[in-house]
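[1] here's my sequence, what's the structure:
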Amino acid sequence: MIPHGLLISAPASGTGKTTLMLGLLSALRAQGVLVQPFKSGPDYIDPAFHAAASGRPSVNLDSWAMTSARIAGLIGAADGADLILAEGSMGLFDGVAKAGETGSGASADVAALMGWPVVLVIDVSGQAQSAAAVALGFAAYRPDVRVAGVVLNRVASPRHEALVRAGMEAAGITVFGALPRQASIALPERHLGLVQAEEQPKLQQFLADVGAFVARHVDLAALCAAAAGGCAGGVQSGLSKPPGQRIALARDAAFSFVYPHLLADWRKAGAEVLPFSPLADESPDASADTCWLPGGYPELHAGVLAAARRFRQGLRKFTETRAVHGECGGYMAMGAGLVDGKGVRHEMTGLLGLVTSFEKRKMHLGYRVATLTAAANGYPAGARLRGHEFHYATIVDQPDQPLAQVTDATGAVVAETGSVMAFSGGGRATGTFFHLIAEAT
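    Numbers count the residues shown, from 1 in each chain. Below you'll find the model as predicted:
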């Protein structure tokens, strides 16, 4: 049975969505409530924190890249839970200008599709009653999206809270709680977002602390009672094809950006996933018939990867006869070299001629549609794939054949086409900067 749900969102990024989400997951888990987390949008990092806080795998839902049937099927992950909590991305209504089948990628699209009321996190620092005007505008913006209430964040004092609450009461906006400013309730960040969950040495203590913090300042019972919507789940459709039967998957702090639904799809298709760690100088399992290098932070570990002789030699030998695919960070590691932020070049695996640099960082961000010009990651030439790109690397050299014709969400051509290299023994190396989300319809 699929329970009711709520979407935790905000007017903008950086207002405290993740803090509240993790606090709610931790606090409710401590009370014995089984909460199924979801993440709206193409984020890798937040779901790992959700899983640590809730004890259940978090699943991405993307209204631009996924069909309504695909999203409905993924909601089946909530079967047996008591409550669904989904965390939004950016601001509630922020998405691309050209919508996909289900929506623009905005968190509001998912809320509307699933009938989940929205709990809006509002950073009230620097304002008082005016915060109610913000909440009222959000509540009225889309008739198909219902704002159940707000949680006030970064409240300066009891007097400040009283003023903000007075404005909300006058506007008819429910206040579920008010979080005072507390510098200790924060997680470290880096250029792609939060430092990964697996890199947090005191993660469980943080989760316990933020759970207790939220439990003290939020009316959990009232918030949970506002949950609604949902569906009975559905038969999964549009599952991502596994790139092979036995998949060697790079998995460590340098290579961790892989969508949970992708791995679940592979396993549902009967594929076996065989993790290995390049940072530990491990090679892909010799029994695997394909290898996948996810995105991550190779730029932070370039020296270690360059010195990982067993990994580099093993991967090159593997590629002589089998397929290897890399996404973003994995793609960069498959190249000839990577220039770090200090301008030092590190030799990578050399499967491709690609050379990338972080010396002068430039953000590349957005949805992508790729039409493959060669077979890759389980899909034939001609397949159309939807994905997302987010990195700061610059291409210094890319002498290989392009893997795909790539456009952004508006249809504009994207220069980063990916790469493909065939080997005489029948192997093939392919890579892209974009991360696969779903096959395009």
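[2] domains in the chain, as residue ranges please.
    Under automatic domain parsing, the residue ranges defining each domain of the chain are 5-225, 246-439.
[3] how far off centre is the shortest one?
    Its chain's C-alpha centre and that of domain 246-439 lie 17 Å apart, by C-alpha atoms, centre = their mean, to the nearest Å.
[4] residue contacts, the spatially closest residue to Asp252 that is not a sequence neighbour?
    Sequence neighbours aside, Ser277 is the residue nearest to Asp252 in space, at 4.1 Å (criterion: C-beta to C-beta, 6 or more residues apart in numbering). In this view, the C-beta of every residue, glycine as well, is placed from N, C-alpha and C. Contact analysis of Ser277 by C-beta atoms under 8 Å, 6 or more residues apart in numbering lists 250-252.
[5] turn the domains of the chain into a markdown table, including mean pLDDT and distance to Gly238.
    Output for those, formatted as a markdown table (pLDDT from 0 to 100; distance: least, C-beta to C-beta, whole Å):
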| stretch | mean pLDDT | distance to Gly238 |
| --- | --- | --- |
| domain 5-225 | 94 | 5 |
| domain 246-439 | 96 | 6 |
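[6] can you pull the pLDDT of the closest residue in space to Thr290 that isn't next to it in sequence?
    Taking C-beta to C-beta, 6+ apart, and ignoring the residues beside it in sequence, Thr290 has Gly244 as its nearest neighbour in space, at 3.2 Å. Turning to Gly244, the model gives it a pLDDT of 96.
[7] neighbours around Gly244, how many?
    By other C-beta atoms under 10 Å, the residues close to Gly244 number 20.
[8] would you mind confirming that it is in contact with Asn377?
    No - contact between Gly244 and Asn377 fails when scored by C-beta atoms under 8 Å: they sit 9.3 Å apart.
[9] who touches both of the two?
    Residues touching both Gly244 and Asn377 comprise Ala323, with contact defined as C-beta under 8 Å, 6+ apart.
[10] all strands of the stretch 251-400 of the chain, in order?
    Counting by DSSP state E, counting those that start in this stretch, one finds strands in the stretch 251-400 of the chain at the ranges 255-257, 272-276, 290-293, 295-296, 323-327, 337-339, 345-347, 355-357, 364-372, 384-391, 394-397.
[11] flag every buried residue along the last one.
    Of all the residues in strand 394-397, those buried under the rule 16 or more other C-beta atoms under 10 Å are 395-396.
[12] what packs against it?
    strand 355-357 (3 or more C-beta pairs under 8 Å, 6 or more residues apart in numbering; DSSP states H and E).
[13] neighbouring contacts of the strand it packs on?
    Applying C-beta under 8 Å, 6+ apart, the contact partners of strand 355-357 are 332, 335-339, 345, 393-398.
[14] pull up the pairing partners for it, direction included.
    Note on strand 355-357: by DSSP bridges, its sheet partners are strand 337-339 (parallel), strand 394-397 (antiparallel).
[15] save the ones you listed as a markdown table, and put in distance to Gln196 too.
    Output for the strands paired with strand 355-357, formatted as a markdown table (distance: least, C-beta to C-beta, whole Å):
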| stretch | distance to Gln196 |
| --- | --- |
| strand 337-339 | 19 |
| strand 394-397 | 23 |
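[16] of all these, which lies closest to Ala383?
    Comparison of those against Ala383 by C-beta to C-beta identifies strand 394-397 as nearest, at 23.6 Å.
[17] hmm, who's touching the closest one?
    Strand 394-397 is contacted by residues 336-337, 339, 353-362, 416 when judged by C-beta under 8 Å, 6+ apart.
[18] what's across from Cys291 in the sheet?
    Note on Cys291: beta-bridge partners by DSSP bridges are Ala248, Val324.
[19] neighbours around it, how many?
    Counted with other C-beta under 10 Å, the burial measure for Cys291 works out to 30 neighbours.
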